[in-house]
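# Below are the sequence and a predicted model; questions follow.
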Amino acid sequence: MSDGPEVRVRRAGAPDGDAVAALRRAWVEQRGRVRPGADPGFEHGFATWWRAELSHHAVWVAEVPSGSAWDVVGSLDVAEVAAMPAPGRPGERWGYVGSLVALGAAPRGVPRRLLGAAVAHARDRGLARLVLRPSPAGAAFYRAAGFSPAGDEIVVLPTGGHGPTGGTA
């Protein structure tokens, strides 16, 4: 038995670009950062970014059923970064958590489920760590998820992944 509305979290693919763009627009508008309909070129710019960047980003969407379809109510983006090797320090891969977006109408727990999918992915891919710069409002959420401060505004979660030599950095 479920405690709330059904939520499906899945990795987004190329066909999901329009839905993720619509989600980002609605999220920014809900927060009053832009007025509804502002920036009429946003969708075109987002589509260009989506086509160019999706190959080295992992994006997850959270969806809820809506009739016979699913509506996107949240997303999370992780860019995979391959650090440049240096003498005495082999390269490693890590993930940069970009933006976590959840609409005000999203069921409780959507951000936690999206982040859980990203952490599991990072571990499966052998990423050494996840790094992010949380907003002041989001810092407690990430600390509660196991991230810890590392420098001025950077928060890091070691994922236990191993670099190409089997060690962690």
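Thanks, I have it. Residues are numbered from 1 along each chain as shown.

# for this protein, what spans make up the strands?
8-11, 57-66, 69-82, 93-102, 129-132, 148-149, 155-158 (DSSP state E).

# ok, of these, where does mean pLDDT dip lowest?
Per-stretch mean pLDDT for the strands of the chain is lowest at strand 155-158 (a mean of 73).

# List the buried residues in stretch 64-74.
V64, W70, D71, V72, V73, G74 (16 or more other Cβ atoms under 10 Å). C-beta here means a position set from N, CA and C on the backbone, and glycine is covered the same way.

# Give me the distance between the closest residue to the fourth one other than its chain neighbours and A58.
The shortest distance from V72 to any non-neighbouring residue, by Cβ to Cβ, 6 or more residues apart in numbering, is to A19 (4.5 Å). When distances are taken as Cβ to Cβ, to the nearest Å, A19 and A58 turn out to be 16 Å apart.

# Which of these two has more residues huddled nearby?
A direct count of neighbours by other Cβ atoms under 10 Å for A19 and A58 places A58 higher, at 19 against 16.

# mind listing what the residue nearest to that one when sequence neighbours are not counted touches?
What sits nearest to A58 in space, not counting adjacent residues and going by Cβ to Cβ, 6+ apart, is V78, at 4.8 Å. Applying Cβ atoms under 8 Å, 6 or more residues apart in numbering to V78 gives the contacts H57, A58, V59, G95, Y96, V97, G98, A118, H121, A122, L130.

# Output the residues you listed in TSV; the columns should cover distance to T159.
Shown next, in TSV, are those (distance: Cβ to Cβ, whole Å):
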residue	distance to T159
H57	17
A58	13
V59	18
G95	8
Y96	13
V97	12
G98	17
A118	10
H121	9
A122	4
L130	6
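
# angle of the helix of greatest length in the chain against strand 69-82?
Identified as the longest helix of the chain according to DSSP state H is helix 110-125. For helix 110-125 against strand 69-82, the angle by axes from the mean of the first three to the mean of the last three Cα atoms, to 10 degrees is 40 degrees.

# who are the neighbours of helix 110-125, in terms of helices and strands?
Helix 110-125 is packed against strand 8-11, strand 57-66, strand 69-82, strand 93-102, strand 129-132, with contacts defined by 3 or more Cβ pairs under 8 Å, 6 or more residues apart in numbering; DSSP states H and E.
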